[in-house]
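> Make a model of this:
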Amino acid sequence: MISNKLKTAVLAGGVVLGSISFANAASVLGRYFDTTSVALPDKLALGIYEEVRYEDNLFSTGSGERGGIVFSTGATLDASRARGEFSYAIKADVAYDHYHKFASDLSAPVYTITPMVRYDQGNWDFVLGGNFLHSHTVLDRGVGGGTRSKYYVSGVDATWNLHLNEKWGLAVTGEYENKDYTDGFYDDEDYELYEMTIAPYYVFSPKTKAGVSMGYAVKEYNDSVRYADSDTIMLNGFVDYRVTGKISTHATAGAEWVNYDDTFNDRKDENDALFNCGLTVRYAMLSNLDLSVGLLHKHDDNSGASGGLQQDTDALLGLTWRINSKLTLAQNFSHTWSDKKDGITTDNTQIGYDATLSYDMTKNLTIYGGYEYGNTDYSNLAVKDADYTTNIYHMGVRYTF
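A predicted model of the protein is given here:
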């Protein structure tokens, strides 16, 4: 799979759809405003690529790191079309990642597919989106480093938006997400998420909307060995501001009330109001320089096996510089802090940086190369060699039809 594809999706400024992730800090409602803020062009772009990368810590371990080479062969699709009341868009990246020698068990097909369909009746419209993913992740186990595993995500979201009059609107959103780890040893990570929100809002101008989002979510795990099932009530205010081609901003802030079922370690924070916020900004600073900022602070489930909650704070800064008509430099800086609330499990901090330089040899042919750095640090953990670092070097060629 193309390196940094998920981060690139956040920074590209196009239609970003699918299930809950940091890439969509504004959740389903923010993605709806992203989708409907511009008219979809008639577009069909097919691409193929070959990428080779070297990873110096394939298994994300704190000691005895082993590096290896990975070949990724894949194809991409970027299509959209609008006809009358209906419009659709789809983005896809499908590849096979081939890991050599001792890491061959990690070899697998990987893909990300995000479709969208919209029906616009004038005084109301309906958007149906999806996110289907197969990839690798590093699980936060905190013993000797991370744990690498393959997983699937299947997500569907829908938004019905009613324009009550020129100034008032009402958006109703629903979302379903299923995450499934292919290694049976990590079945305790599998879950299903159901979420629904109702959001009345006021239109200050064609550029600015503000409102209140009220929601309810249920999260159910495959078993309760590591995590506890939970239900969450959410109350957030939001502001959405967009100037086509220049800036887009979606900000949320509010509170969550989380209740865990059969939690072994009862938390004083449970059922208390937990502050949460989200921010996504894309700003064309200059004609050849784009700035992107993302922030998400919200509760998550404690990965330390105590069955309680943790609060995560994710931040992302991206810069894309089109140096000239052929050369582009894209950089991303990220920081994640996980604050466990059980008093038992250790907090951890993750930082990351990546840079990719691409050169358009022709209108259709692009070559690129780059570097990625990641570091995970556990606070006050008694286990030796839990912290780990990864360095990845990659280069590739892409042809677009």
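> and the helix or strand in which Gly318 is found, what other elements does it pack with?
Per DSSP states H and E: Gly318 is located in strand 309-322. Secondary-structure packing of strand 309-322 (3 or more CB pairs under 8 Å, 6 or more residues apart in numbering; DSSP states H and E): helix 5-12, strand 289-301, strand 327-340. Quick note: C-beta positions are derived from backbone N, CA and C, even for glycine.
> As CSV, these with distance to Ser358 would be great.
Converted to CSV, the helices and strands packed on strand 309-322 look like this (distance: least, CB to CB, whole Å):
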stretch, distance to Ser358
helix 5-12, 11
strand 289-301, 14
strand 327-340, 5
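> Can you add mean neighbour count, distance to Gly174 and mean pLDDT and give the ones you listed back as a markdown table?
What follows is those, written out as a markdown table (neighbours: other CB atoms under 10 Å; distance: least, CB to CB, whole Å; pLDDT from 0 to 100):
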| stretch | mean neighbour count | distance to Gly174 | mean pLDDT |
| --- | --- | --- | --- |
| helix 5-12 | 19 | 22 | 34 |
| strand 289-301 | 19 | 19 | 89 |
| strand 327-340 | 18 | 28 | 91 |
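> Ranking helices and strands of this protein by mean pLDDT, which lands last?
Ranked by mean pLDDT, DSSP states H and E, the helix or strand of the chain with the weakest confidence is helix 5-12, at a mean of 34.
> Distance from the strand holding Gly318 to the middle of the chain?
10 Å (CA atoms, centre = their mean, to the nearest Å).
> oh, and call the first residue 10 from now on, that's how I've got it
All right, first residue 10 from here; so that's strand 318-331.
> Name the residues of that strand that come out as buried.
Neighbour counts over strand 318-331 (16 or more other CB atoms under 10 Å) mark 318-321, 323-329 as buried.
> likewise stretch 46-66?
Buried, per 16+ other CB under 10 Å, within stretch 46-66: 49, 56, 58, 60-62, 64, 66.
> Nearest to Ser214 among those?
Nearest to Ser214 among those: Leu49, at 23.0 Å, using CB to CB.
> can you count the residues close to the residue nearest to Asp114 when sequence neighbours are not counted?
Sequence neighbours aside, Tyr108 is the residue nearest to Asp114 in space, at 7.7 Å (criterion: CB to CB, 6 or more residues apart in numbering). Applying other CB atoms under 10 Å, we find 18 other residues in the vicinity of Tyr108.
> Beta-bridge partners for Tyr108, please?
Under the criterion DSSP bridges, Tyr108 forms beta bridges with Val79.
> still on that earlier bit, Gly71 is nearest to which of the helices and strands packed on strand 318-331?
Nearest of these (CB to CB): strand 336-349, 16.9 Å.
> That closest one pairs with which strands, and in what direction?
Strand 336-349 has its sheet partners listed here by DSSP bridges as strand 318-331 (antiparallel), strand 357-369 (antiparallel).
> Touching, Ala88 and Leu53? I think so.
Yes: here Ala88 reaches Leu53: they are 4.8 Å apart, a contact under CB atoms under 8 Å.
> what about the lengthiest helix in the chain, average pLDDT?
Longest helix in the chain by number of residues (criterion: DSSP state H): helix 36-45. Per-region confidence: helix 36-45 scores 87 on mean pLDDT.
> how about the residue nearest to Asp114, what does it touch?
Counting by CB atoms under 8 Å, 6 or more residues apart in numbering, Tyr108 makes contact with 67, 77-79, 114-116.
> Where does the residue of the chain positioned farthest from its centre sit: helix, strand or coil?
Distance from the C-alpha centroid of the chain peaks at Asn174, with 33.7 Å (CA atoms, centre = their mean). Three-state call for Asn174 (DSSP: H, G, I helix; E, B strand; the rest coil): coil.
> same question, Phe111
Applying three-state DSSP: Phe111 is helix.
> Which residue, other than its chain neighbours, is closest to it?
In space, Phe111 is closest to Arg75, 6.7 Å off (CB to CB, 6+ apart).
> what residues are up against the one you found?
Here Arg75 is in contact with 66-68, 111-112 (CB under 8 Å, 6+ apart).
> so which of those residues comes closest to Met294?
Nearest member of those to Met294, counting by CB to CB, is Asn66, at 34.9 Å.
> now the strands for the stretch 110-259 of the chain?
Here the stretch 110-259 of the chain has its strands, by DSSP state E, counting those that start in this stretch, at 117-129, 133-148, 156-172, 177-190, 200-214, 217-230, 239-252, 256-269.
> From Tyr269, how far out is Asn357?
Distance, Asn357 to Tyr269, by CB to CB, to the nearest Å: 21 Å.
> next SSE after the longest helix of the chain?
For helix 36-45, the following helix or strand on the C-terminal side (DSSP H and E) is strand 52-64.
> chain center to that following strand: distance?
Strand 52-64 has its C-alpha centroid displaced from the chain centroid by 20 Å (CA atoms, centre = their mean).
> Identify the residues contacting that strand?
Here strand 52-64 makes contact (CB under 8 Å, 6+ apart) with 11-12, 76-90, 104, 399-410.
> So what are the sheet partners of it and their directions?
strand 77-92 (antiparallel), strand 397-409 (antiparallel).
> So which of the ones you listed is nearest Asp199?
With CB to CB as the measure, strand 397-409 is the member of the strands paired with strand 52-64 nearest Asp199 (24.4 Å).
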